[in-house]
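Asker: What follows is a predicted protein model with its sequence.
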Amino acid sequence: MPLALEQLLLLVGKDLKIEARSRQTVGLVVVLGLLIVTVLGLGLGGDAAAGFGATVVLWVAYLFSGVLCFEKTMAVERSDGALAALMLAPTSRATLYFAKLATNLLLMAAVALIITPAGVLFFHFDLSIAPGAFTGVMALSLLGFAAVGTLFAAVVSSSRLQGGLLAMMVFPIALPLVIASTQLMLHRFRDGLPLEPGAVGIIVAFDAIFLTASWLVFEIVLEP
Amino acid sequence: MKSARSILTVAFWLLVAGLFAADLCLLQTYTPTEVTMGPVQKIFYFHLPVAICTFLACFITFVASVGYLWQRRTVFDDLASASARVAVQLCAVVLVTGMAWGRGAWGVWWTWSPRLTFSLILFLLYCVYLILRSSVEGRQRRATVAAVYGVIAFLDVPLVYLSAKLVPDIHPASIHLETSMQLTLLAWAVPVLLLTGGLICTRFRLNRLHSQLAEQSETDGRGFEVMPLTGNVAEA
């Protein structure tokens, strides 16, 4: 196994072990996500939002839960000078970035596994029409969202900025993902049309651009 | 030397004001009124050049941010900050004129048309840039964080544009302009471009002076940090 991959797995294992012992992030994020789905469901009304509103409501839940996830996983490194120790470790900054990204993706996947069925249930969203399309589009979108979120969480953490700033930085950047994926879902589930290659292309381009850009600038972000 | 610069500055702003006044006269006397939309269409001659100059200002922020990450010279950070501020101001003008146009043409102040949505997201992206600058402590750290965000935000611009186009549009796909209309548009582009350049240069000069003052105070070992420049003069 290549050394970088071995280091990456070690770092992800460390983060997951911390999470398993403290159980701070997933519990908090799941409850927040469920609260968002409930509040929006009540606000929009079951009938008004029936079916197609679910994708938008789920996106709102993913966005806020995701930001909390990114913040928490980076905050762990801030306490007791853990970030400084991590930077002294003989591993590249790229490995650190991809390890944090992988942790965030795993945590978000766990959260999505609970929030999504809740959204489907509350909004009578018929996922059986195209479960593969839904899973694929959401997975690609969450990858891009996590790529940007992980980078900016490092910015916020290493600059000792207030937590609220992370949401403000990530949300406008992630809007192309939200627009493209909600339009795709509307066309697929409401209109019964196949996935539009142009919209899928935007999501894939977003992932490719921001994974590369984040990987390139992560080292600069972590500079003291 | 200093007074010569002041005279040049005053002359420049008088020229810009004069050109705007001349363009207004041109709009009243020479430019024909569009048949479908009526007089409200005349907003277009100001709206389009301002929108183009907004992208120009965003692009300058991007190039200066890359320059800062590459060279670590404060001059690039000062330029990025100046152009981002101007981009936000111009984008606000684009939004207001776009909304006024929408009200006149379609009877609503706001519609989620791709172009208006794109302008709004662009405005928000660069507002965050400015807020970020005022939130980070330490000059070097602030410049680095802002430069990273400046690069990421600009990379997002084409994706925002493409994704906004997925939303149904009520804008005309293309507008045919007569020669007189094209000339009016060109005549409006000149003062708007000069205004953009003038605003960026003025703000850049102010940022440079501010940076030099901060560097001076650090060299003198006075041990205090000059507050980041904000729109509020009292805070600075």
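Answerer: The structure has been received and is ready for your questions.

Asker: Going by C-alpha atoms from here, please, whenever you check contacts or count neighbours.
Answerer: Will do.

Asker: Can you pull out the low-pLDDT segments for chain A?
Answerer: A:1, A:46-52, A:160-163, A:224 (pLDDT under 70).

Asker: residues from it in reach of chain B?
Answerer: A:155, A:159-161, A:165, A:168-169, A:172-173, A:175-177, A:179-180, A:183, A:199, A:202, A:206, A:209-210, A:213, A:217, A:220-221 (C-alpha under 8 Å from any C-alpha of the partner chain).

Asker: Show the buried residues in those residues.
Answerer: Among the residues of chain A next to chain B, those buried by neighbour count (16 or more other C-alpha atoms under 10 Å in any protein chain shown) are A:155, A:159, A:161, A:165, A:168-169, A:172-173, A:175-177, A:179-180, A:183, A:199, A:202, A:206, A:209-210, A:213, A:217, A:220-221.

Asker: all helices for chain B, in order.
Answerer: All helices of chain B, identified by DSSP state H, fall at B:2-29, B:44-71, B:74-106, B:114-135, B:139-164, B:179-219.

Asker: Sorry, slip of the keys, the one I care about is chain A.
Answerer: Under DSSP H, chain A gives helices at A:3-22, A:25-44, A:53-78, A:82-88, A:93-122, A:131-158, A:164-185, A:197-221.

Asker: sorry, back to before: tell me which of the helices of chain B lies nearest to chain A.
Answerer: helix B:139-164 (5.0 Å; C-alpha to the nearest C-alpha).

Asker: In contact with the residue nearest in space to the middle of chain B: list those residues for me.
Answerer: The residue lying closest to the centre of chain B (C-alpha atoms, centre = their mean) is B:A87, at 2.3 Å. Residues near B:A87 by C-alpha atoms under 8 Å, 6 or more residues apart in numbering or on different chains: B:C53, B:T54, B:F55, B:A57, B:C58, B:F123, B:Y126.

Asker: Whichever of those residues end up buried, select them in PyMOL.
Answerer: To isolate the buried subset of the contacts of B:A87 in PyMOL, counting by 16+ other C-alpha under 10 Å, use the following:
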select buried, chain B and resi 53+54+55+57+58+123+126
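
Asker: now the contacts of B:A87 in JSON lines, with pLDDT and distance to chain A?
Answerer: Shown next, in JSON lines, are the contacts of B:A87 (pLDDT from 0 to 100; distance: C-alpha to the nearest C-alpha, whole Å):
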{"residue": "B:C53", "pLDDT": "95", "distance to chain A": "21"}
{"residue": "B:T54", "pLDDT": "94", "distance to chain A": "17"}
{"residue": "B:F55", "pLDDT": "93", "distance to chain A": "17"}
{"residue": "B:A57", "pLDDT": "96", "distance to chain A": "18"}
{"residue": "B:C58", "pLDDT": "95", "distance to chain A": "15"}
{"residue": "B:F123", "pLDDT": "93", "distance to chain A": "10"}
{"residue": "B:Y126", "pLDDT": "94", "distance to chain A": "10"}
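
Asker: Closest to A:A109 out of the contacts of B:A87?
Answerer: B:Y126 (30.7 Å; C-alpha to C-alpha).

Asker: Quickly note the distance from the closest one to B:A87.
Answerer: 7 Å (C-alpha to C-alpha, to the nearest Å).

Asker: try A:S157
Answerer: On the measure of C-alpha to C-alpha, A:S157 and B:A87 end up 28 Å apart.

Asker: can you check A:A85 too?
Answerer: A:A85 is 40 Å from B:A87, by C-alpha to C-alpha.

Asker: again, but for B:V94
Answerer: For B:V94 relative to B:A87 (C-alpha to C-alpha), the value is 10 Å.

Asker: Same question for A:I129.
Answerer: For A:I129, the distance to B:A87 - C-alpha to C-alpha - is 44 Å.

Asker: Kindly report the residues of chain B close to chain A.
Answerer: B:121, B:124-125, B:128, B:132, B:135-137, B:141, B:144-145, B:148, B:152-153, B:155-156, B:159-160, B:162-164, B:166-167.

Asker: Give me the buried subset of those.
Answerer: Applying 16+ other C-alpha under 10 Å to the residues of chain B next to chain A flags B:121, B:124-125, B:128, B:132, B:135-137, B:141, B:144-145, B:148, B:152-153, B:155-156, B:159-160, B:162-164, B:166-167 as buried.

Asker: doesn't B:L124 make contact with B:A92?
Answerer: No: taking contacts as C-alpha atoms under 8 Å, B:A92 lies outside contact range of B:L124: 9.9 Å.

Asker: still on that earlier bit, let me have the contacts of B:A87 in CSV, extended by distance to A:T116.
Answerer: Output for the contacts of B:A87, formatted as CSV (distance: C-alpha to C-alpha, whole Å):
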residue, distance to A:T116
B:C53, 43
B:T54, 39
B:F55, 38
B:A57, 41
B:C58, 37
B:F123, 32
B:Y126, 32
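
Asker: out of the contacts of B:A87, who's nearest A:T91?
Answerer: Checking the contacts of B:A87 against A:T91 with C-alpha to C-alpha, the nearest one is B:Y126 at 34.3 Å.

Asker: Grab the nearest non-local neighbour of B:R203.
Answerer: B:A82 (5.2 Å; C-alpha to C-alpha, 6 or more residues apart in numbering or on different chains).

Asker: Contacts only, for that neighbour.
Answerer: B:A82 makes contacts with B:I200, B:C201, B:R203, B:F204, B:N207, as judged by C-alpha under 8 Å, 6+ apart.

Asker: Please report phi then psi for B:V136.
Answerer: With angles defined as degrees, to the nearest 10, B:V136 sits at phi -90, psi 130.

Asker: distance of the spatially closest residue to it that is not a sequence neighbour from A:L88?
Answerer: Of all residues not flanking B:V136 in the chain, B:R142 sits nearest, at 5.1 Å (C-alpha to C-alpha, 6+ apart). Using C-alpha to C-alpha, B:R142 is found at 23 Å from A:L88.

Asker: do B:R203 as well
Answerer: 40 Å.

Asker: List the residues that contact the closest residue to chain B within chain A.
Answerer: In chain A, the residue that lies nearest chain B is A:P176 (5.0 Å; C-alpha to the nearest C-alpha). By C-alpha under 8 Å, 6+ apart, A:P176 lies in contact with A:I202, A:I203, A:F206, B:D156, B:L159, B:V160, B:L162, B:S163, B:A164.
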